[in-house]
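Visitor: Mind looking at a prediction? Sequence and model below.
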Amino acid sequence: MNLATAQSNVEYCYQLILAASRPRERLTVSRWADKNRWLSSKQGGEPGRWRTSRNPILGEIMDALSLYSPVREMVIMKSSQRGITEAVVNWLGYIIDHAPSPTMVFMPTLESRDTWKVQKLNPLFVETQCIREILGGLRSRDTANSKELIDFPGGILFLAGGNSPNSYAQKSVANLVMDDLDRFPEEIGKEGDPVALARGRLKAFPRSKLVLISTPTIKGASLIEREFEDSDQRRYHLPCPQCGEFQFLKWSHVQSDIAKRTAWYECEHCAHHIEEHYKPQMLDSAKWIATVPENPRRGYHVDDLAAPIGLGPTWLEMVREFAGIGDDLGKRQTFINTKLGETWRDETSSLKPHELAKRMEDTAMRTIPIGCLALSVGVDTQDQWLALTTLGWGANHLWIVDYSEIKGDTTNREVWDELEMYLHTPLKNSFGRAIRIRAAGVDSRGHRGEQVKQFVTRSSLRIPVFSVQGSTARLGRPIAVNPSFPDRNRKGKPLVGGYALWNVGTEYCKSFLLKRLVADEPHAPEDRVIRFPAGLDDDYFNGLLSEYYDPIKKRYLPKKGAHHKRNEPLDTLVYAWAIGDHKQIALGKYRNGRVDPHYWARLAQILEAPLPPEGAPAPVPAAPTGRRVINQGVGGGFVNRWRR
């Protein structure tokens, strides 16, 4: 070896040592994406090299996920199609190429995971050269690679479905993403909250990162809203081109003249009309500002109003879409969720249990107030108790006269005997008159259906007792006009006087009652329609407000949270109200369903008249008009009513 060759080898060794000892580049996710990421036509309308400057909203979000960022948890509540998923894919590419570590991505279901992998992740493996060189494109590096995981040098990428309890087990990772969080189940099997379970996968890594992403759904039921509210709640603030003041854009400030095909934004500081062509200039100086800066958890809200031109709808397009919605609540919710990135707020969501509890009056339970002239009862069946609401009826009010439970195994006859005694026991009003329960409805769906059937067909019952079940099929009426008759003869025809099952339009009933509670809020107690006695506990009011209305599914659904599990106060009130409105009971109405304007006045003359002195002959009541009829088929027993 000559001297020149030896010197060359020494220089080469020094270069290797220098390269190995050089500090690692403090590369951010956005710089990595600008340098390496290539978008395919599968991922959006602008294929080609990634440019963070094209969508500057994503810059800070991506950089907060960088290796050297102190951010440990991030919540992103967003409108749809705003590039957040691509930002996450950039982060995954950054991890594989620059910061290898075990990582997990959760989608709501295994099916959505597979779709996401094909459309979002696979193009990263093919179109981005450095990732393609590491993974060999879509060819597996070894037999470990599959739909569930991708193995790469220094780390592994797990792909999981959030509805599978096994996805959360026996995996420890440094980075975890939960995308489309509001589509996750409220609870994962018997394991509990999905976010808490996912956070448990990060315990082994002190510098871990958790990212929660979703378009929100309904207030009170949205997981991403719950998590976003527990963050610093950053919003993207843009400067006004006239006064220079920063503000995040609000839908209420978008103005338009559809006839002139124009829309503008009214500055909240100087009222200047900001045309949309100023948006690129405004985005160049825009910045994220935290609403709750003292909260160390990072949170971002992203909507369509600040979307760069060409990467989202224009303000005029949004105005036109909103104008075309009209009274369609389902479309209105979709707009608010997917365009504004906000939760849909049903008017009944403003009701709070602790505020509703303040409406309790001094009247004790099982006390008949002045004006209460009839009673109905709703019964919900559980395995170890019966829940009951006694509802009082009058000309202008509905009173919760009693809410109670009969404890005991509901397969035992003694529990039902106690219910029969309850239904046959009248309550006396302040005039000494007995106010009897006019009718009752007992839920037969889900729990003790056979026991309910045996009870409502008892010959010893002295009032009509209906077997009921909730039905979403009849949204426009409180209770079905015609029952179904499960008992049939050999020819398939219903048995005369046989067991009848009545379908209650629960969506209609819940909507009426909850909206009535909202409407009562500003009124004085004596002017409210629904009135509460003293002695109801917190569980009662939590149960009464345990559901929310989903205008897309057009039904009431349970709210998320452990304290919303017991919904018997709501169900029993629904049954009690529906039974009072039943065509064979028709409190306050004629038999054809029309309101009888003199119904309550006639009852008041009888039930709120002072008792005669002792020894005086009882007055002879006036004979009712019409003829007396006997209606069969209420539940095996007989119902005596006067046909008007």
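Guide: Here it is on my side, so go on.

Visitor: Restrict the host helix or strand of residue 74 to CA atoms and write it as CSV.
Guide: Assigned by DSSP states H and E, residue 74 belongs to strand 73-78. Extracted as CSV, the C-alpha positions of strand 73-78 are listed here (Å, rounded to 0.1, in the frame of the first residue of the first chain):
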residue,chain,number,x,y,z
GLU,A,73,-51.1,14.5,24.4
MET,A,74,-52.9,16.2,21.6
VAL,A,75,-56.7,16.5,20.9
ILE,A,76,-57.9,17.6,17.4
MET,A,77,-61.6,18.4,17.0
LYS,A,78,-62.1,19.1,13.4
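
Visitor: can you pull out the strands in the stretch 201-350 of the chain?
Guide: If DSSP state E, counting those that start in this stretch is used as the criterion, the strands of the stretch 201-350 of the chain fall at 209-214, 234-239, 246-248, 254-257, 262-266, 273-275, 287-290, 298-302.

Visitor: As CSV, those with distance to residue 495 and mean pLDDT would be great.
Guide: Any C-beta I mention is one placed from the backbone N, CA and C, and that applies to glycine too. Formatted as CSV, the entries for those read as follows, by distance: least, Cβ to Cβ, whole Å; pLDDT from 0 to 100:
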stretch, distance to residue 495, mean pLDDT
strand 209-214, 53, 94
strand 234-239, 65, 95
strand 246-248, 66, 94
strand 254-257, 63, 91
strand 262-266, 66, 93
strand 273-275, 73, 93
strand 287-290, 69, 95
strand 298-302, 61, 95
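
Visitor: Quick check: residue 505 touching residue 471?
Guide: Yes. Counting by Cβ atoms under 8 Å, residue 505 does reach residue 471; the two are 6.2 Å apart.

Visitor: Among those two, which residue is more densely surrounded?
Guide: A side-by-side neighbour count of residue 505 and residue 471, using other Cβ atoms under 10 Å, places residue 505 first with 22 against 17.

Visitor: where does the protein dip in pLDDT?
Guide: For the chain, residues meeting the criterion pLDDT under 70 lie at 1-10, 12-25, 42-45, 137-146, 163-169, 188-191, 472-482, 496-497, 560-565, 615-644.

Visitor: Next one: the residue nearest in space to the middle of it relative to residue 343, how far apart?
Guide: For the chain, the residue lying nearest the average C-alpha position, counting by Cα atoms, centre = their mean, turns out to be residue 221 (2.8 Å). Noted for residue 221: a distance of 8 Å to residue 343, by Cβ to Cβ, to the nearest Å.

Visitor: still on that earlier bit, adding mean neighbour count, write the strands of the stretch 201-350 of the chain out as a markdown table.
Guide: Output for these, formatted as a markdown table (neighbours: other Cβ atoms under 10 Å):
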| stretch | mean neighbour count |
| --- | --- |
| strand 209-214 | 24 |
| strand 234-239 | 21 |
| strand 246-248 | 17 |
| strand 254-257 | 15 |
| strand 262-266 | 18 |
| strand 273-275 | 15 |
| strand 287-290 | 15 |
| strand 298-302 | 24 |
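
Visitor: Residue 555 and residue 507 touch, don't they?
Guide: Yes. In this structure residue 555 lies within contact range of residue 507 using Cβ under 8 Å: 5.6 Å.

Visitor: Residue 514 and residue 356 touch, don't they?
Guide: No. Between residue 514 and residue 356 no contact is recorded; they are 10.6 Å apart, counting by Cβ under 8 Å.
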